[in-house]
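Colleague: Provide a 3D model corresponding to the input given below.
(one chain, ligands or ions: 1)
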Amino acid sequence: MHLDNKSHSKSIRILTNSPFPMTTSVNSALLATCVPALRRIFAVLTLMVCLNLVISLSAVAANPPSDLLKQPATEITISLGNSANELKFEPNHLEMVSGKRYLLRLNNPSQLKHYFTAKDFADGIWTQKVEAGKVEIKGAIHELELKPGAEAEWVFVPLKSGKYGLRCPISGHTQAGMTGEIIVTN
Ligand SMILES: [Cu+2]
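Modeller: Model prediction:
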């Protein structure tokens, strides 16, 4: 039996971003009572609120709620192409629920390189990690490239409901029907 090392090599393309929507609320009633003598105090308070917000956002990014990580991940498997080298995702329709943890197993059983590209979907999820071979990548992921024979595991939590497009942007593949959709419901 002859094994071609190349066919088992793995490749991942990573684009970083911050998926966390920044939200804050300001007590407008409090601000409305602002008088000149109190302006300095409010300025200091505002600064403290801002610093606190930055610190708490960093903490969320590094340590998401632990109950979320204890949640068993729902496994979904998707193949990029197939052994007959047909240009399609199998399945080409994925359904998820926002706030749930997923393990997406990606594999490429074909002899061609393929991409899993769903940028708007990726913008609305929190990625815990991507594992491929002996490498584990933490942080936001936008797009994965899988060479022939490659496998990868993507663990994430969808945060935004919506209907998202999936495609392989390699020349001719999208046009040949290598597309799909991802539905995230509340
Ligand atoms: Cu492709």
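Colleague: And the next helix or strand past the lowest-mean-pLDDT helix or strand in the chain?
Modeller: One helix or strand of the chain scores below all others by mean pLDDT, DSSP states H and E: helix 39-62, with a mean of 44. Using DSSP states H and E, the helix or strand that follows helix 39-62 towards the C-terminus is helix 66-70.
Colleague: Check which residues of the helix or strand following that following helix are buried.
Modeller: Per DSSP H and E, the first helix or strand lying C-terminal to helix 66-70 is strand 74-80. For strand 74-80, burial by neighbour count (16 or more other C-beta atoms under 10 Å) applies to Ile76, Ile78, Ser79, Leu80. Every C-beta, even on glycine, is put in place using the N, C-alpha and C of the backbone.
Colleague: Quick check: of these, which lies closest to the ion?
Modeller: Using C-beta to the ion, Leu80 comes nearest to the ion of the buried residues of strand 74-80, at 6.4 Å.
Colleague: Let me see the domain layout of the chain.
Modeller: Listed by automatic domain parsing, the domain ranges of the chain are 2-62, 66-185.
Colleague: where among those is the average confidence lowest?
Modeller: When the domains of the chain are ranked by mean pLDDT, domain 2-62 comes last with a mean of 44.
Colleague: How about the residues of the chain by the ion?
Modeller: Residues of the chain lying close to the ion by C-beta under 5 Å from the ion are His114, Cys168, Ile170, His173, Met178.
Colleague: Pipe those into JSON lines and attach neighbour count and secondary structure per row.
Modeller: Converted to JSON lines, those look like this (neighbours: other C-beta atoms under 10 Å; DSSP: H, G, I helix; E, B strand; the rest coil):
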{"residue": "His114", "neighbour count": "25", "secondary structure": "strand"}
{"residue": "Cys168", "neighbour count": "26", "secondary structure": "coil"}
{"residue": "Ile170", "neighbour count": "16", "secondary structure": "coil"}
{"residue": "His173", "neighbour count": "20", "secondary structure": "coil"}
{"residue": "Met178", "neighbour count": "24", "secondary structure": "coil"}
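Colleague: Nearest to Glu151 among those residues?
Modeller: Of all the residues of the chain next to the ion, Glu151 sits closest to His114, with 12.3 Å by C-beta to C-beta.
Colleague: Tell me how far the residue lying closest to that closest one once chain neighbours are set aside lies from Pro91.
Modeller: Spatial nearest neighbour of His114, chain neighbours left out: Leu80 (3.8 Å); criterion: C-beta to C-beta, 6 or more residues apart in numbering. Going from Leu80 to Pro91 by C-beta to C-beta, to the nearest Å gives 12 Å.
Colleague: and what of Ile137?
Modeller: From Ile137 to Pro91 the distance is 25 Å (C-beta to C-beta).
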